[in-house]
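got a predicted structure plus its sequence, pasted below:
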Amino acid sequence: MIVLHNFVQKVMKVKLINQVLLAMSQTLGNQQIERLKDVLEVTFNNVEFIEKHESSNEGDIDLVSSFLSAKRVEGCSEKSMHYYESTLKNALTKIKKGVKNISTDDLRKYLDNYQQASGASKVTVDNIRRILSSFFSWLEEEFYIIKSPVRRIHKVKTGKVVKETYSDESLELMRDYCENSRDLALIDILASTGMRVGELVKLNRSDIDFQNRECIVTGKGNKQRIVYFDARTKIHLQNYLRERTDDNKALFVTLLSPHERLQISGVEIRLRQIGKALNMTKVHPHKFRRTLATMAIDKGMPIEQVQHLLGHQSMDTTLQYAMVNQSNVKMSHHKFIG
């Protein structure tokens, strides 16, 4: 037993020393690293270590809460916060180790088991990986751990799916089908601005600048930006507001009394109804956004401007939204290849 105890002590000391050396390897040179190793070995010679195996206890939950507080200060939405919280708590519960003892292998096994058990898509698994990466990177930055165990877990490769956009004909069919001025203005403003549906439902009448054909929207993280609409949207929007008899400050309201602010679900349901009536598949507000991005890039708008227009932090996100028009690829092939 004494021999085993001594062996465990030696392993723990080596493990701790290696962790310190690894953390300092980017700062110190080879000679300094060797000197530091010698100092640590001498310092820890008569020190007895007790390895503490923690489960996902109250301390870890407190760390999750602190992390969420930091994300809230950064401007994350409550919807994102809820997703972060449920994802992290589920992972810590399943792994059954304290955050300071969780290894890269633990996380790899968790992600693999999660995918196998739930049948989740690669996109979902990668979203979980990103949240874990964000959490452990924060723990590292705040000095709760020496190094994030997620560093060596690379992005999950996902198959590229060509997402559809609306054709000019589809947009005209939807406009022609509209039986009221609200729906017509709704389709036009989504098509010409590319704003998120969550941004749309927050708009008030006073936010619209008809003279300059623009409005200020509040996007993710409560960040504001200016979006622009075309002349057709201006006319249809003015017609809709002129016909309104209610005094609700919201830009879009329900058709029936008491004319409350239109919610995201209301927009989605109405568009699905229009799509079903026209035998069009996948009619969704987000598709207008992707359509605008694709059209803008096809017509030569610099990607940086499209990024700003859509309110994306990363250009990679903009490139994912903007799918290259297949007909343009065909025309270019004929032009350059034959």
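That came in fine, so what should we check first? Residues are numbered from 1 along each chain as shown.

need the strands for the stretch 151-300 of the chain, in chain order.
With strands called from DSSP state E, counting those that start in this stretch, the stretch 151-300 of the chain shows them at 208-209, 214-218, 224-228.

can you list the weak-confidence ranges in this protein?
Counting by pLDDT under 70, the chain contains low-confidence residues at 1-9, 11, 49-58, 158-162, 321-338.

show me it divided up by domain.
Each structural domain of the chain that the record assigns through automatic domain parsing is listed here as a residue range: 2-43, 58-141, 168-332.

mind putting the ones you listed into a markdown table with distance to residue 149?
(C-beta placed from N, C-alpha, C; glycine too.) What follows is the domains of the chain, written out as a markdown table (distance: least, CB to CB, whole Å):
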| stretch | distance to residue 149 |
| --- | --- |
| domain 2-43 | 12 |
| domain 58-141 | 4 |
| domain 168-332 | 24 |
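
looking at these, which is nearest to residue 156?
The stretch from the domains of the chain with the least distance to residue 156 (CB to CB) is domain 58-141; that distance is 3.8 Å.

could you tell me the end-to-end distance of stretch 157-177?
41 Å (CA to CA, to the nearest Å).

buried ones in it, by neighbour count?
Under the neighbour-count criterion of 16 or more other CB atoms under 10 Å, stretch 157-177 has 165-166, 170-171, 173-175, 177 buried.

got it, and stretch 82-91?
For stretch 82-91, a neighbour-count test (16+ other CB under 10 Å) marks 84-85, 87-88, 91 as buried.

ok now that stretch, how far from the chain's centre?
For stretch 82-91, the gap between its own C-alpha mean and the chain's C-alpha mean amounts to 15 Å (CA atoms, centre = their mean, to the nearest Å).

residue 67: neighbouring residues, count only.
By the other CB atoms under 10 Å criterion, the neighbourhood of residue 67 contains 22 residues.

with residue 13 instead?
Neighbourhood size, residue 13 [other CB under 10 Å]: 18.

that one: what secondary structure?
In three-state terms, and counting by DSSP: H, G, I helix; E, B strand; the rest coil, residue 13 is helix.

excluding chain neighbours, what is closest to it?
By the measure of CB to CB, 6 or more residues apart in numbering, the closest residue to residue 13 outside its immediate chain neighbours is residue 44, 5.0 Å from it.

out of the strands of the stretch 151-300 of the chain, which gets nearest to residue 183?
strand 208-209 (17.6 Å).

out of the strands of the stretch 151-300 of the chain, nearest to residue 239?
Minimum separation from residue 239 across the strands of the stretch 151-300 of the chain (CB to CB) falls at strand 208-209, 13.2 Å.

give me the contact list for the closest one.
215, 237, 251 (CB atoms under 8 Å, 6 or more residues apart in numbering).

so who does residue 258 touch?
The neighbourhood of residue 258, defined by CB under 8 Å, 6+ apart, consists of residue 246.

same question for residue 76.
Shown in contact with residue 76 (CB under 8 Å, 6+ apart): 84, 221.

that older thread, and of the buried residues of stretch 157-177, the nearest to residue 137?
Nearest to residue 137 among these is residue 165, at 35.0 Å by CB to CB.

give me the phi and psi for that closest one.
Comment: the main-chain dihedrals of residue 165 come out as phi -120, psi 170, following degrees, to the nearest 10.
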